[in-house]
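Visitor: below are the sequence and a predicted model for it; my questions follow.
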Amino acid sequence: MMRSRPRASAALASLVAATLACALVAGAAGCQRKPRFVPASADTSLVVPNDSLVRKVQAMQDRWSGDDGENAARIAADLVLHDLRANAALDPNAAWEPRVRTYLDSLDVGAELASAPCAIAVNFFPRSDPTAGSWPWVFWCAGPGGRIASQAIEGRNLSLVAIATRDLGSGSAATSPRPAASPPVAASPPPAPGIAVLFARRGGAGQQPLLMAWRAGARLELAQTLGPDSLGGVGTGSFESAGDSGIVVSTRTWQPTPRFDECATCPHIYRLRRFLWRPQGFARIGDQVVDSPYGAFVRLIQALATGDQAAAAASVAQSGLVDAARRAGWGDARGPWRAAPGSEGEAANEMAFYRGASEAWRVHFVRRGGVWLVESFEPTTRVIE
C-alpha cells in the first residue's frame, strides 16, 4: 500500500528541523531529533539556510509523489552532498555510510548504500513504492584536497551490490627526482584513480551481476562495462582484496545447459570467475567450473549425445556404465532432461532425473580423486510435480 507523503507545513517544518539537526551534528552515530548548533569556528558557509532546505525537501517530496523519480533523486543527491561536505568540514575522518544512512532516513528517502575508501554509492528509490525504479549516484573524493563530488551514474533500475575504489583523493602520482648520474628508467604509469560498482540486474531466471568502472577526477568517465557474457550469466558477484595485487571481482554464475530444462531453483553448472583490476581495466585471471554430481550427469549426457567416447568414460566410476546408458537411450534426442523436484546438485550422493512424459531415473554418484562421477543408475517412479 502506498504511503502518503507529509504535506502539512507543520509536518514539513518538523522534518526540516530534524534534518538540520542531523546535518549539524558532526560524527553523530544517529540523529536524536534534538537541534545542535554549529560552533563559531566551523565553516558556517556550509550550512543550508532553513528556508532553502524547506524548499528542497518539499520539491523532492513532490517529485517522489509525482512519479518524477529522476529529479527527486537529483534533489536527494544534492542534499546528501551538502550534508557530506558540511560534516567533512567538521570531522574529515567521519565515516560516510552511517552518516548518509541516518540522513536519508530523516528525509524518508529509500536507498541502497555501498561504501569504499573515499566513496559511497547511493541507489535512490521512493520508499513508498520501492518497485517504481531506482537512480544511482556516486559521491567521491575528487582530488588531493579531499573535496567531495557527486554524479549520477548508469545503472538505473538495477540493484546495488558493492563498490570498490583505488587511489581516490591522491591526485596524480608524483615521482621523486633521480640523481643526475642515474640513467632513465622506464616505469609503468600508476593506475588512474578509479571507482568500480557492482550491480545486479533482475531477470526471470535470477539476478545477473553487472560491473561498471569509471576513471575518477573532477568528473567520472565510464571506462569499462562487464555484463553477463563476461561475468557468466545468472548468479552473484563480490569484490575482494588481492593483497598487493589490487582489487578482484569474483562471480559465481550459471548459464542454461543444452539438453537440460533448468528452473531458477534447479541445480546448475556454476562457474567461478575472477577479474583483477589492472591499470587498463578488469581482466580475467581465473575461470573454473564448480564440480558437482549434477555436473557429472550433465557431462555424461553431453558426451553420449555428441558421441565422445572418451568424455563419457571419464564421467563414470566403473566400466560398462557407458554402454548401459547408451542402451537406455540416454544419448538420444527424446526431449530435455530435468532434475526431479527437491534434487540437490552440489554434494548429493544420488539424484533423480526426468525426461519426457514418463522416463524417470535414479542416479548414484561417488567422488574419486576430487571429481564427482556417475556410479550407478536405475529406473524409478516419478513423484507428483
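Guide: All right, it came through fine.
Visitor: contacts only, for L211.
Guide: Counting by C-beta atoms under 8 Å, 6 or more residues apart in numbering, L211 touches 196-199, 224-227, 231, 237, 249, 275, 282. From N, CA and C alone the C-beta is placed, and that goes for glycine too.
Visitor: same question but for A303, I mixed them up
Guide: 309, 311-312, 315.
Visitor: and for R259?
Guide: R259 is in contact with 301-302, 305, 336-337, counting by C-beta under 8 Å, 6+ apart.
Visitor: from those, which land in helices?
Guide: Members of the contacts of R259 lying in helices (criterion: DSSP state H): 301-302, 305.
Visitor: now the buried members of these.
Guide: With neighbours counted by 16 or more other C-beta atoms under 10 Å, the ones in helices among the contacts of R259 contain buried members at 301-302.
Visitor: nearest to I269, of the ones in helices among the contacts of R259?
Guide: Top of the list for closeness to I269, among the ones in helices among the contacts of R259 and by C-beta to C-beta, is Q302 at 10.3 Å.
Visitor: that closest one and P258, how far apart?
Guide: According to C-beta to C-beta, to the nearest Å, Q302 stands 7 Å off from P258.
Visitor: any idea which helix or strand of the protein has the worst average confidence?
Guide: In the chain, no helix or strand scores lower on mean pLDDT, DSSP states H and E than helix 9-24, which sits at a mean of 49.
Visitor: any idea how many residues pack against R101?
Guide: R101 has 16 neighbours, counted by other C-beta atoms under 10 Å.
Visitor: can I get the helix or strand containing it as PDB, trimmed to CA atoms?
Guide: Per DSSP states H and E: R101 is located in helix 96-107. In PDB, the C-alpha atoms belonging to helix 96-107 read as follows (Å, rounded to 0.1, in the frame of the first residue of the first chain):
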ATOM      1  CA  TRP A  96      30.300   8.300   5.300                       C
ATOM      2  CA  GLU A  97      27.900   5.400   5.200                       C
ATOM      3  CA  PRO A  98      26.300   5.600   8.600                       C
ATOM      4  CA  ARG A  99      26.100   9.400   8.200                       C
ATOM      5  CA  VAL A 100      24.300   9.100   4.800                       C
ATOM      6  CA  ARG A 101      22.000   6.300   6.100                       C
ATOM      7  CA  THR A 102      20.800   8.300   9.000                       C
ATOM      8  CA  TYR A 103      20.400  11.400   6.900                       C
ATOM      9  CA  LEU A 104      18.300   9.700   4.300                       C
ATOM     10  CA  ASP A 105      16.200   8.100   6.900                       C
ATOM     11  CA  SER A 106      15.400  11.600   8.300                       C
ATOM     12  CA  LEU A 107      14.300  12.600   4.800                       C
END
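Visitor: starting at the chain centroid, how far to stretch 132-140?
Guide: 13 Å (C-alpha atoms, centre = their mean, to the nearest Å).
Visitor: tell me which residues in it are buried?
Guide: For stretch 132-140, the neighbour count (16+ other C-beta under 10 Å) marks 134-140 as buried.
Visitor: please list the members of these that lie in helices.
Guide: Among the buried residues of stretch 132-140, DSSP H puts none in helices.
Visitor: a markdown table for the residues you listed, including pLDDT and distance to G204?
Guide: Listed next are the buried residues of stretch 132-140 as a markdown table, based on pLDDT from 0 to 100; distance: C-beta to C-beta, whole Å:
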| residue | pLDDT | distance to G204 |
| --- | --- | --- |
| S134 | 96 | 19 |
| W135 | 98 | 23 |
| P136 | 98 | 23 |
| W137 | 98 | 28 |
| V138 | 98 | 29 |
| F139 | 98 | 33 |
| W140 | 97 | 34 |
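Visitor: so which of those is the closest to A72?
Guide: W135 (8.1 Å).
Visitor: wasn't P267 part of a helix?
Guide: No - if the criterion is DSSP: H, G, I helix; E, B strand; the rest coil, then P267 is coil and not within a helix.
Visitor: how about the contacts of R259 in CSV, adding pLDDT?
Guide: Putting these into CSV (pLDDT from 0 to 100) gives the following:
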residue, pLDDT
I301, 97
Q302, 97
A305, 96
P336, 95
W337, 97
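Visitor: what's the farthest-apart pair in those?
Guide: Largest separation among those by C-beta to C-beta: Q302 and P336, giving 12.4 Å.
Visitor: re earlier: switch the contacts of R259 over to TSV; also include distance to V100.
Guide: Shown next, in TSV, are those (distance: C-beta to C-beta, whole Å):
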residue	distance to V100
I301	51
Q302	49
A305	54
P336	48
W337	49
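Visitor: R201: what secondary structure?
Guide: strand.
Visitor: mind listing what the nearest residue in space to it that is not next to it in sequence touches?
Guide: Leaving aside its sequence neighbours, R201 sits nearest to Q208 (C-beta to C-beta, 6 or more residues apart in numbering; 4.5 Å). Neighbouring residues of Q208 by C-beta under 8 Å, 6+ apart: 200-201, 227-228, 231, 233-235, 253.
Visitor: low pLDDT regions in the stretch 51-200 of the chain?
Guide: 169-189 (pLDDT under 70).
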